[in-house]
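J.: no sequence for this one, just the structure:
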């Protein structure tokens, strides 16, 4: 039995839902928004835009050295070759993981994230715990919270997305993937590996 | 009509009261505390210890240059002459206001306060607003929140009670108090004037 | 502002809570809030910096305990009310109606042209980069110090790097300055630099070994060393 | 710890709320909590630094929204449970009983000897100053820099002066070191110094004119310049 009180924010889901509907209703009535426009925007992020796009980019970079070179120099130009780009990814920068350097992305001030390649961010990326700790104790966060141990000899580079540049990580191509097609490679690339809090899937496990 | 939700902390006054009673009950039953001891401690701070003691100290300092000298050099020795001292005032330091220097006391980390001379602190001293702002914008806080304008030519000295030293302010003796008795002078000394957020009462108004 | 949103380096917030197989949206109202943001900001009813600042001025405890899309709802409401687009009274009255009839539908309105424009925004983006005639003050390799400022208004300068020294890593071109743009004071574009800080410079003895943190900072946040 | 309790310089918390003719206690349970603190800490069931740290580890939003004596209740409970003096289960069960019967009296127990001892504490105090054989490392007038540390545990070093330079104003003798004492690691007394900082050093361009802030700092918080 606990006498701890619950946060007030949990109790009012119904009220927040009502506020959201009220807001849209008023804007629709004033002719400022339309339901089809809102529905199509939602649908785009539910169905079309997500980490499968970033996975395509990574798989291409693993397969094509020219593309990789361009991706690291001008991520937007490279992504555009795959028809990828858009809002919250107008200025993307790719940082490359290696045995010597592990990169991890955070936004301490809010929750900036490269939507065109990763979709909308997961809750943990947006909430105070990850945002507060990752800039100060990235190794600890990666190990404790994501089960990702970084070699002591490797540098850890944290990228705090404080302006309009959006970072994502090019993870190392896993061993045992020689001869795989881009599509097969893309299936190994996780959202977390492009944020820097995970590794690509092990090809042995996905076979 | 507002849909703002109220904080959860207001709703549970009954629960907190029950927890406080439960805690005391258990400690009484275990023979660790006694109701008479707790009642006498409460009574001491309700009736015996409060800013009227600090006011005596200030009034004496206004009246007796020797005492003032001692008070500024060794506040505990001076207070002891008036039978004043105790918990949360084991190491007191008095800072003197003048036309050139205005002192103000705060505790940014919790709510340290010189209990033997001022009693227990008021809520505003303990709550986040005063604690956060006073070290950064003391003039603004004094002016906006306490109606106390500090001359532009005067220095403002903020004392953040971060260790076990407890500060209080010796305000300037008001004009028009020549010939007043210590008791009369003490009636002019406010709690706020000894924190540094107010001035002593105007003798014209109290007559 | 030195707000509670500026979280870098804060302790005591607990474990990271990772949800397996997390959906894009957790319930219908999150979708509505998201879509409404794109539709209203996308039409220029307020800008991104005003949107962010509207979240930062939330009461700190409310900020910490409310959900992400509740933050969005707060700032959309706040901005649309401040701009005179909607009225607090009508919003509250309508909210009460939906609270009484949670299943009542939102009125429908079709506007394919608007839908197309917003989809174009989604897929094409809207850059806040601007061409300026001035040359950048710093170049890659320059050592800089971050200015020690504590503005009451919006800023994108995190507290944890203020007064710290770093090295310019990249020069990103000029971008709209949030500190002004959030307060209706124009775009004032400035160069943005990626500045690398050794963790030891930032966190002292508490730094992890072999760590560096890079922060993107506008030119006026920086001074030469 | 870099906790939300470390409030110096934070924005967005609103106006100071001054209550006219404020009573010493606002209701009976505040009295109980206050008296219980003096009785339990006064008998050494936990120490002041453990007491303070128990407040600092409260969930940040709860810290910001709960009342002062609720903070005290939290830390007294936490400390007495951790020391094995009371048990969470029995406390919760008893709380439920009082919730059902709010008017039920607390059991009475007289102990005049304990009452006398506590009153002696109230009027006599209990210093955490200690005699040490070492000489103070700094003297009045010395310029010092505050170390840039961000410990996870308890500290009395406010964030806003870390990595800043100041001048030693007074040397106060040696006091129990809270950073260790809060964690059962002994008294480790160190000299405490009153260090004066120009507001401009601390707040940069945002400083008010002719302001200085003095902070009392333990010797290991400081380094020579």
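T.: Structure's in. What do you need? Bear in mind the structure is a predicted one, so any value in this text is a computation, not a measurement.

J.: ok, the residue nearest in space to the middle of chain A to chain D distance?
T.: Compute the mean C-alpha point of chain A, and by Cα atoms, centre = their mean the closest residue is residue A:118, 4.2 Å away. Distance of residue A:118 to chain D, given as Cβ to the nearest Cβ, to the nearest Å: 28 Å. Any C-beta I mention is one placed from the backbone N, CA and C, and that applies to glycine too.

J.: Over to residue C:141?
T.: Distance from residue C:141 to chain D, by Cβ to the nearest Cβ: 24 Å.

J.: Does that residue touch residue C:168 like I think?
T.: Yes: if you go by Cβ atoms under 8 Å, residue C:141 and residue C:168 touch, sitting 6.5 Å apart.

J.: Neighbour count for the two, which is higher?
T.: Neighbours per residue (other Cβ atoms under 10 Å in any protein chain shown) separate residue C:141 from residue C:168, with residue C:168 holding more: 20 against 8.

J.: Now do the host helix or strand of that one, average pLDDT.
T.: Taking DSSP states H and E as the criterion, residue C:168 maps to strand C:165-175. When pLDDT is averaged over strand C:165-175, the result is 98.

J.: What's the first helix or strand after it?
T.: According to DSSP H and E, the helix or strand after strand C:165-175 is helix C:178-181.

J.: helix or strand right after that following helix?
T.: Later in the chain than helix C:178-181, the nearest helix or strand by DSSP H and E is strand C:190-198.

J.: now the strands for chain C?
T.: Using DSSP state E, the strands of chain C run over C:129-130, C:143-146, C:165-175, C:190-198, C:211-218, C:222-224.

J.: Nearest approach to chain B belongs to which of those?
T.: Taking Cβ to the nearest Cβ, strand C:143-146 is the member of the strands of chain C nearest to chain B, at 18.1 Å.

J.: helix or strand for the closest residue in space to residue A:60 that isn't next to it in sequence, which one?
T.: Excluding the flanking residues, the one nearest residue A:60 by Cβ to Cβ, 6 or more residues apart in numbering or on different chains is residue A:67, at 5.0 Å. According to DSSP H and E, residue A:67 maps onto helix A:65-73.

J.: where does chain A have low pLDDT?
T.: Low-confidence segments of chain A (pLDDT under 70): A:1-11, A:206-207.

J.: Residues of chain C that sit close to chain D?
T.: C:1-4, C:9-14, C:56-57, C:59-62, C:64-65, C:147-152, C:162-164, C:203-206 (Cβ under 8 Å from any Cβ of the partner chain).

J.: Now, of those, which are buried?
T.: Listed as buried from the residues of chain C next to chain D are C:1-4, C:9-13, C:56-57, C:59-62, C:64-65, C:148-150, C:162-164, C:203, C:206; burial here means 16 or more other Cβ atoms under 10 Å in any protein chain shown.

J.: Report the contact partners of residue A:90.
T.: The contact partners of residue A:90, taken as Cβ atoms under 8 Å, 6 or more residues apart in numbering or on different chains, are A:76, A:164, A:166, C:125-129.

J.: Distance-wise, check the most centrally placed residue in chain C relative to chain D.
T.: For chain C, residue C:52 is the residue whose C-alpha lies nearest the centre (Cα atoms, centre = their mean; 4.0 Å). Residue C:52 is 14 Å from chain D, where distance means Cβ to the nearest Cβ.

J.: Show me the beta-bridge partners of the nearest residue to residue C:140 once chain neighbours are set aside.
T.: Nearest residue to residue C:140, sequence neighbours excluded (Cβ to Cβ, 6+ apart): residue C:168, at 5.5 Å. Under DSSP bridges, the beta-bridge partners of residue C:168 are residue C:195.

J.: if we can go back for a sec, just the buried members of the contacts of residue A:90?
T.: A:76, A:164, A:166, C:125, C:128-129.

J.: and the residues of chain C next to chain D near chain A, which?
T.: Within those, those near chain A by Cβ under 8 Å from any Cβ are C:9-11, C:13-14, C:62, C:64-65, C:203, C:206.

J.: Make JSON lines out of those and add pLDDT and distance to chain B.
T.: What follows is these, written out as JSON lines (pLDDT from 0 to 100; distance: Cβ to the nearest Cβ, whole Å):
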{"residue": "C:9", "pLDDT": "98", "distance to chain B": "17"}
{"residue": "C:10", "pLDDT": "98", "distance to chain B": "15"}
{"residue": "C:11", "pLDDT": "98", "distance to chain B": "14"}
{"residue": "C:13", "pLDDT": "97", "distance to chain B": "17"}
{"residue": "C:14", "pLDDT": "96", "distance to chain B": "18"}
{"residue": "C:62", "pLDDT": "96", "distance to chain B": "8"}
{"residue": "C:64", "pLDDT": "97", "distance to chain B": "12"}
{"residue": "C:65", "pLDDT": "94", "distance to chain B": "9"}
{"residue": "C:203", "pLDDT": "98", "distance to chain B": "20"}
{"residue": "C:206", "pLDDT": "93", "distance to chain B": "18"}
